[in-house]
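Asks: Mind folding the following:
(one chain, ligands or ions: 2)
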Amino acid sequence: MTETFALKGNICYSESKTRIKTVHGYAVCSGGISRGVYESLPEEFSAVPVYDFGDSLIIPAMVDLHIHAPQYAFRGTGMDYELMQWLCNAAFPEEERYADEEYARRAYSVFAGGLRRGATGRACIFATVHRRATEILMEEMEKSGVVSRVGKVNMDRGAPQGILESAQESADETVHWLEDVKGRFSRTAPILTPRFLPGCTDELMHRLGTIREKYDLPVQSHLSENPEEIELVGKLFPQADFYGDGYDMYGMFGDRETHGGSVRTIMAHCVWSDEREVKRLYENGVFVAHCPGSNLNLSSGIAPVRKYLDAGIRVGLGTDVAAGHSDSLFRTMTDAIQVSKMYWRYVDKGAAPLRFEEAFWMATRGGGEFFGRVGGFDTGYAFDALVIDDTSLRSPRELPVPERLERAVYLSLDITGGIKAKFVAGSRLF
Ligand code: GUN
Ligand code: FE
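Replies: Ligands and ions are numbered 1, 2, ... in the order given. Below you'll find the model as predicted:
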């Protein structure tokens, strides 16, 4: 991809966690990479094609650090449970269906189509335990234009037979899958996905740790989401000092420095992480996927995100569909701000509520860092962009750009037809 072009409009992106830069001007892309933002086009770009989006807002496409593709089919239902009951009554029965490849193709094409239309430019996705269905999901994601990491789920206990494998089978199928997908995709890559510790025996964790080392894979899983879950982990992994230590024991909790790069770890939720776990999250450079919509629906609690941001822990946002009922990252930003206010009011007066700028940073740069230089328009960043037409939000007076952006997010323009164009790594999706 060598095409050079510029987008013209109101360009907005995070300069830091607390500042959003806005420029009425041009964002230049060359070969899929940002070449900077300018009020007027510099001489060297004077001949490039310009897509003029007038008064529209142009922001980085967003990053969903945590979403379950097979659960997309039942989102918006089954909201009367806590985590463990919800898994048994809502998630597991649906996930059993993905043994059927035809169903998987149908469901995953709906899922990928949904992500393509929305604000998500990049995503880290759970599939199910089924190897073939996971490959189908990767094919559908590749077609969507959204860049993703997709994981075949590993689970060898605590679920119906239809979605359980033995530790040996689970490891063998994972290797089979990794070999199958090698070199097949340009936007889609695998990620190791032990479901959560209650679903994985020591033997499976040990085997997955070995696979991670051999294939240099990033890891995604769940951590300290629900009190009952944490108590169960204490019983099942008495050798671990705390929940996160159980992953760390098997080399699946943090960056694994490799030749010339590093492969990363995402842990969803971290609602109930204790001091030792928080310290380890920081030391190991683990990404926390904050999923406020999910935490509300499953009554999981409120993650202390202010504390994580202040401690320098890497934090991005996750929709966690279908525990989160919406795949809208605008909605997730709004949820993050709102629950932080309840945390401040009810839990800790020292934890200042999140500001809009911080939620925007988490949805773009915070999660983007998982994928490298992603989430901004600074020179050298991947060129991921959304063009937002907010004219449907009528106003009796002219609003400044920062207020227009805040309104576009709070009023969920990403799922109400506000996204007029979308670019990922310089490719235009629509
Ligand atoms: N923990 C283990 N599996 C899941 C899941 O599918 N969703 C959520 N929210 N938590 C989990
Ligand atoms: Fe999840």
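
Asks: Please name every helix or strand in contact with the biggest helix by length in the chain.
Replies: In the chain, taking DSSP state H as the definition, the longest helix is helix 101-117. In this structure, helix 101-117 packs against helix 131-144, with contacts taken as 3 or more Cβ pairs under 8 Å, 6 or more residues apart in numbering; DSSP states H and E. To be clear about C-beta, it is placed using only N, CA and C from the backbone, and glycine gets the same treatment.

Asks: Show me which residues of the longest helix of the chain are buried.
Replies: Taking 16 or more other Cβ atoms under 10 Å as the basis for neighbour counts, the residues of helix 101-117 that come out buried are Ala104, Ala107, Tyr108, Ser109, Phe111, Ala112, Gly114, Leu115, Arg116, Arg117.

Asks: and the first one, what does it touch?
Replies: Residues touching Ala104, when contacts are defined by Cβ atoms under 8 Å, 6 or more residues apart in numbering, comprise Pro70, Arg97, Tyr98, His130, Arg132, Ala133, Ile136, Leu137.

Asks: switch the cut-off to 7 Å
Replies: Tyr98, Ala133, Ile136 (Cβ atoms under 7 Å, 6 or more residues apart in numbering).

Asks: quick one: which of those residues is nearest ligand 2?
Replies: Each of the contacts of Ala104 was checked against ligand 2 using Cβ to the ion; the closest is Tyr98, at 15.9 Å.

Asks: what about the residue in the chain positioned nearest to ligand 1, which helix or strand?
Replies: With Cβ to the nearest ligand atom as the measure, the residue in the chain that lies nearest ligand 1 is Ala323; the distance is 3.6 Å. According to DSSP states H and E, Ala323 maps onto no helix or strand at all.

Asks: so it touches Leu296, yeah?
Replies: No - counting by Cβ atoms under 7 Å, Leu296 is not a contact partner of Ala323; they are 9.4 Å apart.

Asks: Dump the buried residues of helix 101-117 into CSV; add distance to ligand 1 as well.
Replies: As requested, the buried residues of helix 101-117 are exported to CSV (distance: Cβ to the nearest ligand atom, whole Å):
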residue, distance to ligand 1
Ala104, 17
Ala107, 15
Tyr108, 16
Ser109, 21
Phe111, 14
Ala112, 19
Gly114, 18
Leu115, 17
Arg116, 23
Arg117, 23
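
Asks: Tabulate these (JSON lines), appending distance to ligand 2 and pLDDT.
Replies: Written out in JSON lines, the entries for the buried residues of helix 101-117 read as follows (distance: Cβ to the ion, whole Å; pLDDT from 0 to 100):
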{"residue": "Ala104", "distance to ligand 2": "19", "pLDDT": "98"}
{"residue": "Ala107", "distance to ligand 2": "17", "pLDDT": "98"}
{"residue": "Tyr108", "distance to ligand 2": "17", "pLDDT": "98"}
{"residue": "Ser109", "distance to ligand 2": "22", "pLDDT": "98"}
{"residue": "Phe111", "distance to ligand 2": "15", "pLDDT": "98"}
{"residue": "Ala112", "distance to ligand 2": "18", "pLDDT": "98"}
{"residue": "Gly114", "distance to ligand 2": "17", "pLDDT": "98"}
{"residue": "Leu115", "distance to ligand 2": "16", "pLDDT": "98"}
{"residue": "Arg116", "distance to ligand 2": "21", "pLDDT": "98"}
{"residue": "Arg117", "distance to ligand 2": "22", "pLDDT": "98"}
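
Asks: Doesn't Met205 belong to a strand?
Replies: No - remark: Met205 does not belong to a strand; assigned using DSSP: H, G, I helix; E, B strand; the rest coil, it is helix.
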